[in-house]
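# Prediction below, plus the sequence it came from.
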Amino acid sequence: MMAKAPVSKSRSLLRSVEERALSKRMEEKQVPYLPKDCFSNILVRLPIESLPSTRLVCKPWYKLMNSSIFIDAHLQRSEAVLIFLTPMVRRDEYLHPFSSRSVLQEKPNTFSVEVNLLRLESGPLFHQQVIDPRRKFCIQFMEIKDGKTKTGEFNISCLGGIKASCNGLILLENKLKKGRLVVLNPVTRKLTELPLGTLSQPHRESYGFAFSDSTSEYKVIHLFDDDLRYINCEILNVGTRTWRPVNGPDFGLISWFGYKPVSAMGALHWVPHINDSDYIVSLQLETEKFHTIHLPKSYRIHDGIIEMGGSLCFVSHSEEMLQIDVWKLKGLSGEGWTKQHSITTGCILDMVPLFGMRKTEELVFKREEDRSLYAYDFQLEVMTKIEMETPLSRFYMPHVNSLVSWCPKDLSEDGDY
């Protein structure tokens, strides 16, 4: 009787293994295998606010969503938005600065740019109490869909203004250190502090932020004038974190830094004067040399240059004909401009072009009078007033939410997942 016990146990173990194998085969029949490309195509369509948590579901998803292939695919599908700052204290509440009702309460998971900068420096936590909440801004974004706006939250607070935006990265002022800058991705909350460049007065300098396709690097361009009104230039490669001087534009080409530069076609472009500009000043990112590009007509106060569909476009008003013309630059080497569209319906003289939608053929305008938004559909040839959830902030710029990082791409991330 004792000899039969091991045999019985062996049969029981074998039966258990067979049952597990059968169960696994049944599961495989019920849940069909999904190729890797299918997972990628599903995940790349998820709302931007769900991506940071989704990539923590499992190791394969984490590796996939951190790969440069996925990040680039998501960037190409992302729609343009307006990023802006909202004061945490309303202007009228400064009259009662010590009132508990005057300071908006931050959410528990709010990411403070300044607190995290202090942590990077291994600073003591009591520094967090030094930051006056009345000086804080919330970073938010406004998306436009189906003729309406919707305000999105990053749950991020900061003290400094937004200098520039590129592929989902923003260039922020670092108010903890005079003249310093921070590069931040509001979606991933990754940030890095940049070294100090040349100090200049805000109204006598201009910052640009762009991606160089030839070197796959993000570059920060800083223009500033000296006491003799010569324009100087220094450039920082975010990966190497070193400022280096380059030759600036010729004397007299730029008289005003009020217009933010536009990145398009491998170059940064500045409108050089407040009004009546016959040319723009461009810096090619590969050669890092400045040159001028003549405009098809003189630039007036409500005109604008924008990036649209990868090209640089000049949007000009014709007061005599009550129309808005959209010109497309053919190339950076003097090829000239071609008129792509003439908008003749719904035109108002104080409409300033803001940006072109990336996924729909629409151009978004802002009226100077009341800061209302309008969208022109090039296919339907219709100008529509956009229903706004909240009034447009005074501190805004075109932006795209993404997972992009300033770090050099690691090809090992693009392997199997």
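Now that the structure is in, tell me what you want to look at.

# did I read that right, residue 49 in a helix?
Yes - using DSSP: H, G, I helix; E, B strand; the rest coil, the assignment for residue 49 is a helix.

# so where does the closest residue to it other than its chain neighbours fall, helix or strand?
Closest residue to residue 49 apart from its sequence neighbours, by CB to CB, 6 or more residues apart in numbering: residue 152 at 7.1 Å. (C-beta placed from N, C-alpha, C; glycine too.) Following DSSP states H and E, one finds residue 152 within strand 148-158.

# which parts of that strand are buried?
149, 151, 154, 155, 156, 157, 158 (16 or more other CB atoms under 10 Å).

# Likewise for stretch 210-226?
210, 211, 217, 218, 219, 220, 221, 222, 223, 224, 225.

# Closest to residue 85 out of the residues you listed?
Taking CB to CB as the measure, residue 85 lies nearest residue 220 of those, at 19.6 Å.

# Now do stretch 241-250: distance from first to last residue.
Terminal residues of stretch 241-250 lie 27 Å apart, using CA to CA, to the nearest Å.

# circling back: quick one, what contacts the residue nearest to residue 49?
48, 49, 81, 140, 141, 142, 143, 401 (CB atoms under 8 Å, 6 or more residues apart in numbering).

# tell me, how many neighbours does the residue nearest to residue 226 when sequence neighbours are not counted end up with?
Leaving aside its chain neighbours, residue 226 sits nearest to residue 232 (6.3 Å; criterion: CB to CB, 6+ apart). Per other CB atoms under 10 Å, the neighbour tally for residue 232 reads 17.

# circling back to that earlier point, compare the contacts of residue 152 and tell me which is most surrounded.
residue 81 leads those on contacts (other CB under 10 Å) with 26 neighbours.

# Look up which residues are beta-bridged to that one.
Residue 81 forms beta bridges with residue 399, as assigned by DSSP bridges.

# if we can go back for a sec, please identify which of the buried residues of strand 148-158 is nearest to residue 358.
For the buried residues of strand 148-158, the nearest to residue 358 is residue 149 (16.4 Å; CB to CB).

# Residue 71: which of the buried residues of strand 148-158 is nearest?
Using CB to CB, the buried residues of strand 148-158 come closest to residue 71 at residue 154, 18.0 Å.

# Kindly provide the distance from the closest one to residue 182.
According to CB to CB, to the nearest Å, residue 154 stands 14 Å off from residue 182.

# Tell me the one among the buried residues of strand 148-158 nearest to residue 368.
Out of the buried residues of strand 148-158, the member with the shortest distance to residue 368 (by CB to CB) is residue 149, at 18.1 Å.

# Contacts only, for the residue with the shortest distance to the centre of the chain.
Geometric centre of the chain, nearest residue: residue 168, 3.0 Å, by CA atoms, centre = their mean. For residue 168, the contact set (CB under 8 Å, 6+ apart) comprises 75, 78, 185, 186, 187, 399, 400, 401, 402, 403, 404.

# Would you mind giving those residues as a markdown table with secondary structure, distance to residue 201 and pLDDT added?
A markdown table is the format used below for the contacts of residue 168 (DSSP: H, G, I helix; E, B strand; the rest coil; distance: CB to CB, whole Å; pLDDT from 0 to 100):
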| residue | secondary structure | distance to residue 201 | pLDDT |
| --- | --- | --- | --- |
| 75 | helix | 35 | 92 |
| 78 | coil | 35 | 92 |
| 185 | strand | 29 | 96 |
| 186 | coil | 28 | 95 |
| 187 | coil | 33 | 93 |
| 399 | strand | 26 | 96 |
| 400 | strand | 30 | 96 |
| 401 | coil | 32 | 95 |
| 402 | coil | 32 | 94 |
| 403 | coil | 36 | 92 |
| 404 | coil | 31 | 94 |
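
# Highest neighbour count among the residues you listed?
residue 186 (29 neighbours).

# Just confirm that residue contacts residue 157, I think it does.
No - the criterion here is CB atoms under 8 Å, and residue 186 misses it with residue 157 at 11.2 Å.

# overlap in contacts of those two?
What both residue 186 and residue 157 touch, as defined by CB under 8 Å, 6+ apart, is the set residue 139.

# Report the buried residues of the strand or helix carrying residue 293.
Element membership of residue 293 [criterion: DSSP H and E] is strand 289-299. By 16+ other CB under 10 Å, the buried positions in strand 289-299 come out as 290, 291, 293, 295, 299.

# ditto for stretch 199-213
So, applying 16+ other CB under 10 Å, buried residues of stretch 199-213: 200, 205, 206, 207, 208, 209, 210, 211.

# who's in contact with that stretch?
Against stretch 199-213 from outside (CB under 8 Å, 6+ apart): 163-167, 169-171, 178-179, 181, 217-225, 257, 260-261, 263, 266-268, 270, 283, 285-286.
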